[in-house]
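> attaching a predicted model along with its sequence, questions to come.
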Amino acid sequence: MGRTDDAIDRGFAALADPVRRALVARLSRGSATVNELAEPFDISLQAVSRHIQVLEQAGLVTKAREAQRRPVHLAPEALERLTAWIDGYRLAHEQSYRRLDALLATQRPDPERRSR
């Protein structure tokens, strides 16, 4: 297993948790501090920080330092890697279905032949 596979595994493992998916969804609208990210959840600030740490270890988010603020940012390139991995399989299956559709179309009886 290569580095890319490890990154994909970490990314999907991080997104397996609904709180982390909600954090990613929130960050897709813009950067936020840990306090801002914690607001909608009925869990401790420490628990939210741990979730952010998992996302950071998976490469899905980054933290910055802006004066007194420490905003968390989404890392879109990591999400693009996960999407590309999924799309590779989706496209392969779509091509198989297209070939099957084409084959079935050649097997259908000609409606004009039946009317003769």
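Yep, it's here.

> please count neighbours and contacts with C-alpha atoms only from this point.
Will do.

> and Val34, how many residues sit next to it?
Counted with other Cα atoms under 10 Å, the neighbours of Val34 add up to 19.

> return the residues in contact with the closest residue to Ser44 other than its chain neighbours.
Nearest residue to Ser44, sequence neighbours excluded (Cα to Cα, 6 or more residues apart in numbering): Ala38, at 7.8 Å. Neighbour list for Ala38: 44-45, 48 [criterion: Cα atoms under 8 Å, 6 or more residues apart in numbering].

> hmm, which of those are the buried ones?
Restricting these to buried positions leaves Val48, with burial counted as 16 or more other Cα atoms under 10 Å.

> distance to Tyr97 added to the contacts of Ala38, as a markdown table?
Below are these laid out as a markdown table (distance: Cα to Cα, whole Å):
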| residue | distance to Tyr97 |
| --- | --- |
| Ser44 | 48 |
| Leu45 | 48 |
| Val48 | 43 |
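
> including secondary structure, could the contacts of Ala38 go into a markdown table?
As requested, the contacts of Ala38 are arranged in a markdown table below (DSSP: H, G, I helix; E, B strand; the rest coil):
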| residue | secondary structure |
| --- | --- |
| Ser44 | coil |
| Leu45 | helix |
| Val48 | helix |
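
> with the contacts of Ala38 in mind, which one is nearest to Ala78?
Using Cα to Cα, the shortest approach to Ala78 within those belongs to Val48, at 20.4 Å.
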